[in-house]
Structure formats: C-alpha cells, structure tokens
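Student: dropping a prediction and its sequence here:
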Amino acid sequence: MKKSNNRSFFHDNSGKKIKVLQVVNSLKIGGAELLLKNFSIEAKKNNQFTVDICTLFSTNDSGNIEELKNKNVHIRSFNLKNKYSLASIGKIKEILERENYDIVHVHLFPASAIVALSSILIKKNIIFLFTVHSTFNKRRNIKMFKIIDALIYHRYKKIICISRQVKNSLIEWVPGIKEKIEIIPNGIPIDVQYNDNSVRRKYDVLFVGRLVKEKGINYLLKAIDIIQKKYQKNIRVAIAGNGPMKTELVKMCEELKIRDSVEFLGFQRDIDSIMRFSRILVLPSIWEGFGLVLLEAMKNRCAIIASNVGGIPEIITSGNDGLLIPKENSKILAHSIHLVLENAELRKLYTQNAYKKVQNNYSIEKYANKMFELYFKMMNNTF
C-alpha cells in the first residue's frame, strides 16, 4: 500500500467521515490499551475517519487518559462497578444508535461479549470487529466457553489477530471463524532519536509489564540469584509495573537474598527513559500474544532476551536482533543474561538490528494505515 503524507489514500465520493467507536474494558496500562491509545492519537491525523473510545470501567486512574485528552480524543466511560453488568448492553445500544457510528472495534473480554449482545438489539447497519490480543486466556481451560466464545465471535464481521500465533491458537479454539481472521501486527510511535553512545546505563536488567503469573517474573528473579552465586556478579535489576504478584515477588527477593539488587519501580509513565538507561530488557513470559514492550525496547536500543513463546518469535530473530530462550528455565535465562551483559559488541549488534526492524515494520503509522484500509474495505464490501 502506497503511503501518503496526508493519509488521504482512500476515496469516498460522499465526503462523509467514517465514524469508528473503539470499545475496551478500561484504559489502564496494558499492551492492548497502549495500542488503542497510540492508534487513537494517530487517527487524529486522518481526515477521513473519526475514532472515539468507550470504556466499560472508570478511566480516571489510567496513565493513558491524560495524553488522550490532551490530543482531543473523545472518550466516554460507563464507570461500571460490575464488569458483567447487563446495564452496559443497553448503554452500548443507545450510544451506537444515537451517535451513528459506522464501525465498532472491540478489544478484550468481557467488552467483546457485551458488544456482541448489544449488536443483536441494533437494527442499524453497523460493522463490528474484534481484536484478539493473546494466545491464551483462562476461559480456554473451560470447555463450556468454547461454545460461548464461538457465539460471541459469530457476531463480528472480522476478527483481527496481532500475530500468526494468536491466529493459530484462536483457530484451534474456535475453528469455524477461520475465514473471518485478519492479521495486523501491533505498532508504536517511533519518535526517539538520540546518540546511544552517550547514554549511561543505570540498570543491567529491566522487566516492564504487569506483575502477573503469565509474565514469568519469578523465573527472572531465580536467574538473578543464579548469576550472583555462579558468576559472583552483582547486577542492578529494575521491575517496572504493578500487579497482584508484587508482594509475593518482593518476598521472593528477600528469601533469595537479592532484595538489594532488585528495585521495584511500580507504574512508570516514561518507559522510554527507563529503557534508555537499561542494558537488557528481559521478557520471560509463559505465554504472550505479541509483546508490545519488545517494540518499545527495540526503538530505545535496549537489548532483548525473551521467551520463545506466542508471537514473540515473529518479532525477534534470535541471534540477530535479540535472544530467544525456552520458557520457565531460570538456568538458561541466567546464562543468557550473563552472556549479553559481558559482550558489548553483541548488545550493539542486537540493538542496531532491532532498531532498524522496528522502524521498518512496526511503526504506529504502518499499523494505522493497515487498520484504516481494513475499515475502508469493510465499509465498501470489497473483501
């Protein structure tokens, strides 16, 4: 697709803007929410689409909300107390009919279920699509949800997957939706320009993300313990993010006697600065749909070590722009961290190649253009 500086490569003789409502559970920090924020801001540059956001829960405690408001992105919130509230079905229906949206683009569950139910009640000709952000969720442990998810997906004209692995796992779960699926990889703003040689690295190892089991942070902490004992190296580690496992992880650090080496930073708004001051980003996930944080590390020239799971190997070519290792293996992770930390030339190779890749393949402009093209095709029934 040919890129246009004014984003006007679509042709609509009516001159009417296409109205898009993105629906998500909340705007709290997470990969899906960050993608939605970046896309909504990028969409302001396109004069053929209007992109608004609707959240089921409060957005007041979100790190994303202030930036969106500053960019004049229209946000509405239902401020639900119960995420399965049936009242939200009527609210969605009312908004869609009153505001005359052409497309409703949904992210995450239960937003997907609520919008699917709302769509049954709407008589207007509105296009519904849903983005799947992960290779796994807890519903897939319960057979009954296979039927429920199939019914939900049936209400959407298109299902967007952020990686091939997300697509493959989804088809395995609900085979009947194969023909509806489109793959559109995530993107981020590529706006960081600085001299890498001038950066003084404060942290040796950085983790960024939710403090939850599926991120495999406990394997990282065990790896740090191994490094300190086996290689007699005291390394500086930063954990950026919040989540239900924080107390458990802090206790684990104390038990391993690595508490002085590990700094829990909590939620951080300026992830770019933290990455610029870190040598290695480690993403030891047990499963991962895409790993948007990898793109953040790539643009900030922070070397990457990540689990070889989910959509990660679609982003990172091991040995070229990062290092991929088996999941749930602290010994190999410890060896890999030590190897990359001790080899400045290897880090330089990884970071230079990764920066080129993220520029060429994963900019928010590329993502937005692909999404707008999909919207336009659906509006014009050109599939």
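Tutor: Received the coordinates, thanks. Here the structure is a predicted model, which is why all the values come from computation and not from measurement.
Student: in this protein, what spans have low per-residue confidence?
Tutor: Counting by pLDDT under 70, the low-confidence segments of the chain come to 1-15, 59-63, 192-200, 382-383.
Student: do that again at 80, thanks
Tutor: Judged by pLDDT under 80, the chain has its weakly predicted residues at 1-15, 29, 58-64, 82-84, 191-200, 382-383.
Student: how is it divided into domains?
Tutor: Dividing the chain into domains by automatic domain parsing, as the record does, gives the ranges 18-189+363-379, 196-361.
Student: dump those domains to TSV, plus mean neighbour count.
Tutor: C-beta coordinates here come from the backbone N, C-alpha and C atoms, glycine included. Supplementary listing: the domains of the chain in TSV, determined by neighbours: other CB atoms under 10 Å:
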stretch	mean neighbour count
domain 18-189+363-379	18
domain 196-361	19
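Student: just checking, what packs against the longest helix anywhere in the chain?
Tutor: Counting residues, the longest helix in the chain under DSSP state H turns out to be helix 344-361. Based on contacts counted as 3 or more CB pairs under 8 Å, 6 or more residues apart in numbering; DSSP states H and E, the elements that helix 344-361 packs against are helix 292-299, strand 303-307, helix 330-342.
Student: state the next helix or strand along the chain beyond the helix or strand encompassing E263.
Tutor: With secondary structure defined by DSSP states H and E, E263 is part of strand 262-266. Sequence-wise, the next helix or strand downstream of strand 262-266 (DSSP H and E) is helix 271-276.
Student: centre of the chain to that next one, how far?
Tutor: Using CA atoms, centre = their mean, to the nearest Å, the distance from the centre of helix 271-276 to the centre of the chain it belongs to is 17 Å.
Student: output that helix as PDB, nothing but the C-alphas.
Tutor: As requested, the backbone C-alpha atoms of helix 271-276 are provided in PDB (Å, rounded to 0.1, in the frame of the first residue of the first chain):
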ATOM      1  CA  ILE A 271       9.100   3.900  29.900                       C
ATOM      2  CA  ASP A 272      11.300   5.300  27.200                       C
ATOM      3  CA  SER A 273      13.700   6.900  29.700                       C
ATOM      4  CA  ILE A 274      13.900   3.700  31.800                       C
ATOM      5  CA  MET A 275      14.700   1.600  28.800                       C
ATOM      6  CA  ARG A 276      17.300   4.100  27.600                       C
END
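Student: right, and A32 touches S26 too?
Tutor: No. Taking contacts as CB atoms under 8 Å, A32 lies outside contact range of S26: 10.2 Å.
Student: circling back: show residues contacting the strand holding E263.
Tutor: Residues from elsewhere that reach strand 262-266, judged by CB atoms under 8 Å, 6 or more residues apart in numbering: 203, 221, 224, 236-242, 246, 249-250, 253, 274.
Student: so can I have TSV of the helices and strands packed on helix 344-361 showing distance to G187?
Tutor: What follows is the helices and strands packed on helix 344-361, written out as TSV (distance: least, CB to CB, whole Å):
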stretch	distance to G187
helix 292-299	7
strand 303-307	17
helix 330-342	26
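Student: looking at the ones you listed, which is closest to I142?
Tutor: With CB to CB as the criterion, I142 lies closest to strand 303-307 of the helices and strands packed on helix 344-361, at 25.1 Å.
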